[in-house]
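Visitor: Pasting the sequence and the predicted coordinates here, then a few questions.
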Amino acid sequence: MRPVDPAMLRRLPSLRRYLRRTAVTSVVSAGLIIGQAAALSVALATAVRDGLTPEVTTATAWFLAAVAARAAVQWWQGASAARGVAEVKTELRDGLFRAAARHGPTWRGRGRTGEAVTLVTRGVDGLDAYVSGYLPQLCLAAVVPVAILVVMAVNDPASMIVVLVTIPLIPVFGVLIGWHTKAQTERQWHSLRRLGGHFLDAVAGLPTSRVFGRAADGARAVLRTSDDYRAATMATLRVAFLSALALELVATVSVALVAVPIGLQLLGGDMDLRVAFLILLLAPEVYLPLRSMGSRFHAAQEGLAATGAAFDITDTDTPTPEPRHGKDTAMIDHATRPSTPECPQPAEYPQAPGPRLAPPRVAPDRMTSGAEVGGPPGIEGDRSVEPFLRFTDLAVTYPGAERPAVAGLTATVAPGELVALVGRSGAGKSTVLNALLGFAPVTGGALHHRGSPIRPGEAWLRNVTWVPQRAHLFAMSVADNIRLGQPTADPDRVRAAADAAFATEFVNELPEGFDTPLGDAGFGLSAGQRRRIALARAFLRIQLLDCPLVLLDEPTAGLDLHSEARVAEATARLLAGRTAILVAHRESMLDRADQVWRIADGALREVVHRSPAGAVS
Ligand SMILES: Nc1ncnc2c1ncn2[C@@H]1O[C@H](COP(=O)(O)OP(=O)(O)OP(=O)(O)O)[C@@H](O)[C@H]1O
């Protein structure tokens, strides 16, 4: 623990400039403190001895001039500090952005975006207390006591010796407490960064964690990190308050040790009154900058910890942020009880090595709609007559949008049917899926499942498996990503789901296989690999929860031919015997559809029915 980190001075020229300005200000301040005390002691001693003579008036005028000059210097120092803080923070942020540009997306993805954002914003802002609070006090502490000791040596060497003996107590206490504070502050800063990372991951993955029944766990993880941060902050504050108290006590006792002998000498007539006033006025000023420096040291620590983290990034060619994918840092805590219910385990769950799947199930009785759980009894329709899904004049208008994204959509889906949605980009295909998931507001018409109105929420989502266009992978291991909805699933089941999604091959080539931690949004995997992990996640969910409805949003978009063929095959396995709605552009996916809905400008323009043999009706 050094008073000033030389590494910071080396890397930040604006900090060096600021420190030079502050050093000059401190020397001027020291002169003014001594001048002020000298003028006042002359004025007081002369007034006591001779009454209000012209000498008293002159000394008082000098005293007032010194006070005014000190105020001006302090104002200038404040302005200089504000400029210095702005320059140092700009330089540091500039360095971070340059490093990010130099390293490209590789670096960003390996860390958590939320952590990086916390570092660049709140972390760098933590330097305010260091630059404008701690450094000026440090400069004063280096100059003022020395100057005052010289004055004391000339006027009263005995007082100088008392000060010389007591003054080291303050830095010694400061250092002892500082060692303790450093660990506390680093813990506090670490918690804050984790909080930023968790929060962003939780928010970005919210739709995914909702569908997979883990939204509450994400919130709990954020809450737990917030609590860690609160505890670390309170611990730092406790140390800061205690240290302020200890330093205050040491300074007061030290001033008393100087004052008592002076009083005795005055009584004995051995000391001039002017010298006595001068020493008594200067004694507290010796300890003041050291005390202030000690108390500001704690506030400055967060900024220093953040700066250390920033230099780790700016200094390395290929920065490797601290590991953050352990179970303790995962957004979703697997120790918590899954929010989805335990499901019967199908006896024929696929086992490695070959991807074998459980036999398809069509419209299982276990299925629930939102209405069955939350609605009044008797709301269910006639299962033998009602289609699996019914869209009646469905309209969706996003908040703030001028026109509906989907309007007047009327259609039905029979149990076990595969419906493919086709249409140009922006036609409204994903919106149809979002309406079914409850992610887009149904502003007109109705959605029914087996005759019951669909009520978006946990109960309904338990029926659904969703593979979105851009599946969100969380910053945790590959295995934990696959078992997102079923955290208690054993490794064999995870592996079998990966086999079925043709993911095992590339996962085995990752450094730690299924335990390989992924970065933000699945960093470290290609787009096709991410999709296969998302499919594996869906496989596991289907197998364990037996979800009868599958929603897939362009599972093969942006893939090369080889990956596309594999994902298409995996998708076909996923959909076998289940009711599914699939947004598709590729023929490979359309061939398997029972109905093809062509959507344009939010309206259903055409429905093509295909027979099992592929004929169009
Ligand atoms: N969250 C949203 N808020 C406002 N408007 C939205 C939102 N999401 C989509 N839209 C708009 O709704 C319309 C339909 O979008 P949607 O994503 O359903 O199209 P899409 O057919 O799935 O397109 P693509 O094939 O490119 O994914 C578009 O005009 C889009 O701009």
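Guide: It's in. Residues are numbered from 1 along each chain as shown.
Visitor: give me the element residue 271 is part of.
Guide: Per DSSP states H and E: residue 271 is located in neither a helix nor a strand.
Visitor: excluding its backbone neighbours, what's nearest it?
Guide: Once flanking residues are discounted, residue 271 sits nearest to residue 265: 4.0 Å by CB to CB, 6 or more residues apart in numbering. Where you see a C-beta, it was placed from the backbone N, CA and C, and this is true even at glycine.
Visitor: In this structure the one you found contacts residue 275, no?
Guide: No: assessed by CB atoms under 8 Å, residue 265 is found out of contact with residue 275, at 9.2 Å.
Visitor: distance between the host helix or strand of residue 91 and the chain's centre?
Guide: Assigned by DSSP H and E, residue 91 belongs to helix 54-103. A distance of 33 Å separates the centroid of the chain from that of helix 54-103, by CA atoms, centre = their mean, to the nearest Å.
Visitor: Also stretch 165-178?
Guide: Offset of stretch 165-178 from its chain centre (CA atoms, centre = their mean): 36 Å.
Visitor: Of all the residues in that stretch, which ones are buried?
Guide: Buried positions in stretch 165-178, judged by neighbour count with 16 or more other CB atoms under 10 Å: 166-167, 169-171, 173-174, 177-178.
Visitor: pLDDT averaged over it - what is it?
Guide: Averaging pLDDT along stretch 165-178 gives 78.
Visitor: now what about that stretch, what contacts it?
Guide: Identification of contacts with stretch 165-178 by CB atoms under 8 Å, 6 or more residues apart in numbering yields 1, 145, 239, 242-243, 246-247, 250-251, 253-254, 257, 286-287, 290-291, 293-294, 297.
Visitor: What about those residues, which are in helices?
Guide: Mapping the contacts of stretch 165-178 onto helices (DSSP state H) picks out 145, 239, 242-243, 246-247, 250-251, 253-254, 257, 286-287, 290-291, 293-294, 297.
Visitor: Give me the buried subset of those.
Guide: The neighbour count (16+ other CB under 10 Å) marks 145, 239, 243, 246-247, 250-251, 254, 286-287, 290-291, 293-294, 297 as buried among the ones in helices among the contacts of stretch 165-178.
Visitor: Get me the contact residues on the protein for the ligand.
Guide: Contact residues (CB under 6 Å from any ligand atom) of the chain with the ligand: 398, 401, 405, 423, 425-431.
Visitor: swap the cut-off to 5 Å and go again
Guide: 398, 401, 405, 425-431 (CB under 5 Å from any ligand atom).
Visitor: Out of these, who's the most crowded?
Guide: Top of the residues of the chain next to the ligand by neighbour number is residue 429, holding 27 neighbours under the definition other CB atoms under 10 Å.
Visitor: so who does that residue touch?
Guide: Neighbouring residues of residue 429 by CB under 8 Å, 6+ apart: 421-423, 553, 583, 599.
Visitor: Tabulate those residues (CSV), appending neighbour count and pLDDT.
Guide: Supplementary listing: the contacts of residue 429 in CSV, determined by neighbours: other CB atoms under 10 Å; pLDDT from 0 to 100:
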residue, neighbour count, pLDDT
421, 26, 92
422, 22, 89
423, 21, 88
553, 21, 85
583, 25, 89
599, 21, 90
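Visitor: can I get these in TSV with distance to residue 540 and secondary structure?
Guide: What follows is the contacts of residue 429, written out as TSV (distance: CB to CB, whole Å; DSSP: H, G, I helix; E, B strand; the rest coil):
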residue	distance to residue 540	secondary structure
421	25	strand
422	29	strand
423	31	coil
553	19	strand
583	22	strand
599	31	strand
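Visitor: which one of those residues sits closest to residue 29?
Guide: Checking these against residue 29 with CB to CB, the nearest one is residue 553 at 66.4 Å.
Visitor: Tell me what that closest one is bridged to.
Guide: Bridge pairing for residue 553 (DSSP bridges) gives the partners residue 583.
Visitor: you'd agree it is up against residue 430?
Guide: Yes: contact status for residue 553 versus residue 430: in contact at 5.6 Å, counting by CB under 8 Å.
Visitor: which residues are in contact with both of these two?
Guide: Counting by CB under 8 Å, 6+ apart, the shared contacts of residue 553 and residue 430 are 469, 583.
Visitor: Excluding chain neighbours, give the residue nearest to residue 395 in space.
Guide: In space, and not counting its chain neighbours, residue 395 is closest to residue 444: 3.1 Å by CB to CB, 6+ apart.
Visitor: Wait, that neighbour touches residue 391, no?
Guide: No: the criterion here is CB under 8 Å, and residue 444 misses it with residue 391 at 11.3 Å.
Visitor: Return the residues in contact with the residue in the stretch 201-350 of the chain positioned nearest to the ligand.
Guide: Across the stretch 201-350 of the chain, no residue is closer to the ligand than residue 207, which sits at 11.0 Å (CB to the nearest ligand atom). Residue 207 makes contacts with 437, 439, 468, 472, as judged by CB under 8 Å, 6+ apart.
Visitor: ok, back up a step: number of residues surrounding the residue nearest to residue 271?
Guide: With other CB under 10 Å as criterion, residue 265 counts 18.
Visitor: Please apply the same query to residue 9.
Guide: Per other CB under 10 Å, the neighbour tally for residue 9 reads 12.
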